[in-house]
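> kindly return the folded structure for what I paste below:
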Amino acid sequence: MKRLLGLLVSLVLLTGLLSGCGGTPAKKGAGILKNAPGQEMKESAWPRTIIDAAGNKVLLKQPPQRIALLHSLYLEHFFALGTPPTASMGASAGTAMKVLQTWETLKPFAKTADVMDLGSSRDLNLEAVLAANPDVIVTFKGRHVEKVYDQLVQIAPVILVDFSASWQDQTMACAEIVGREGFARDFIKEAETIIAMAKENLSQHKNKTMALFRTDGKSFISRGNRQYYETFGISKPAGYPDDYESMSLEAVAEMNPDYIVFQDSREMARAFVKNQEAWAIWQELDAVKQGHVFYFDDSLNTFGPLAMRLTADKLVEIYSGP
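Prediction:
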């Protein structure tokens, strides 16, 4: 079935190419549409005014050539659009260079990426942002930028994206910044097709439950919300929350899922599981006895356009296994 799904995806993508969808994706869900030689996307005229997630009206006089990100969250969006950023901060811990070297969604770009590292987003360095000489600064709406917003706009126009919006809407928001709305619509349609085909494949496993977790090293933290389970058509165990919550091993034992997936730093997740192995209650879990404990890369926690495609691949893979 996995081989059949792969063949169907290939046929769909080939059909899209022949009908002028813009290009072919790379393997394992990290695909990027590419313009045909000499083909340029013709979008609405410049200058343009963008209303960002905070309601700010931001004037962009021309397509920005130098994009600075204040969080690695949006690296995949701009790489997917074929407009890699000039500079980026890392996640809450770590730097942009660490993200580029370790995140599975960004591996196809790691060798060719030329991104100035602005350090960790926990310590917003205005001097580093200024040194990047950006045409536009992009990040998500939140407290991390509120205190320095007035200083940032002295460097370059600042656009805030709504992280609570769907991955499709966030991708379109980024596309509007660089004038690639048509390209983004094609990319989104292609990704939605891949996800829909994975969902159809996974529908035959409705009787099997999966619990998705992160960990702080002390407890299980649910990471799949209601929308996540509905998107991929998989079943959550009884007692698994609809949103993100911390829980004990005893609570997980009551759920007794058929599959347990940690979507986190693999090193941290494996160390956490190692600690659980000392408890008999962990050893009695169905997922443990069946060898159904899996580790997904932390990059999938962006739930962005590349992460969603890669998640579709990985879910089909584990459900199709022994």
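> walk me through the domains of this structure.
44-179, 205-319 (automatic domain parsing).
> mean pLDDT for the ones you listed: which is lowest?
Lowest mean pLDDT of those: domain 44-179, a mean of 92.
> how far does it sit from its chain's centre?
Chain-centre distance of domain 44-179: 14 Å, with CA atoms, centre = their mean, to the nearest Å.
> need the domains of the chain in TSV (columns: mean neighbour count and distance to I188).
(Each C-beta comes from the backbone N, C-alpha and C, glycine too.) Below are those laid out as TSV (neighbours: other CB atoms under 10 Å; distance: least, CB to CB, whole Å):
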stretch	mean neighbour count	distance to I188
domain 44-179	18	5
domain 205-319	18	7
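> any chance of a markdown table for those domains, columns distance to K199?
Formatted as a markdown table, those follow (distance: least, CB to CB, whole Å):
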| stretch | distance to K199 |
| --- | --- |
| domain 44-179 | 15 |
| domain 205-319 | 4 |
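> out of those domains, nearest to D186?
The closest of these to D186 is domain 44-179. By CB to CB, the value is 10.5 Å.
> what ranges do the helices span in the stretch 151-300 of the chain?
Using DSSP state H, counting those that start in this stretch, the helices of the stretch 151-300 of the chain run over residues 167-178, 181-202, 226-232, 249-255, 266-276, 280-283, 286-289.
> give me the buried positions along the longest one.
The one in question is helix 181-202. Neighbour counts over helix 181-202 (16 or more other CB atoms under 10 Å) mark 183-188, 190-191, 193-195, 197-199, 201-202 as buried.
> which of the residues you listed lies closest to R48?
Nearest member of the buried residues of helix 181-202 to R48, counting by CB to CB, is A184, at 15.1 Å.
> picking that back up, now the helices of the stretch 151-300 of the chain in TSV, with distance to A113?
Shown next, in TSV, are these (distance: least, CB to CB, whole Å):
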stretch	distance to A113
helix 167-178	17
helix 181-202	19
helix 226-232	28
helix 249-255	38
helix 266-276	22
helix 280-283	40
helix 286-289	36
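> which one, of the ones you listed, ends up nearest to V58?
Comparing the helices of the stretch 151-300 of the chain by CB to CB, helix 167-178 comes nearest, at 8.8 Å.
> restrict the closest one to CA atoms and write it as PDB.
Extracted in PDB, the C-alpha atoms of helix 167-178 (Å, rounded to 0.1, in the frame of the first residue of the first chain):
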ATOM      1  CA  TRP A 167      -0.600  26.700   7.500                       C
ATOM      2  CA  GLN A 168      -2.200  27.700   4.200                       C
ATOM      3  CA  ASP A 169      -3.000  31.200   5.400                       C
ATOM      4  CA  GLN A 170       0.500  31.700   6.900                       C
ATOM      5  CA  THR A 171       2.000  30.500   3.600                       C
ATOM      6  CA  MET A 172      -0.100  33.000   1.700                       C
ATOM      7  CA  ALA A 173       0.800  35.800   4.100                       C
ATOM      8  CA  CYS A 174       4.500  35.100   3.500                       C
ATOM      9  CA  ALA A 175       3.900  34.900  -0.300                       C
ATOM     10  CA  GLU A 176       2.200  38.300  -0.200                       C
ATOM     11  CA  ILE A 177       5.400  39.800   1.200                       C
ATOM     12  CA  VAL A 178       7.500  38.600  -1.700                       C
END
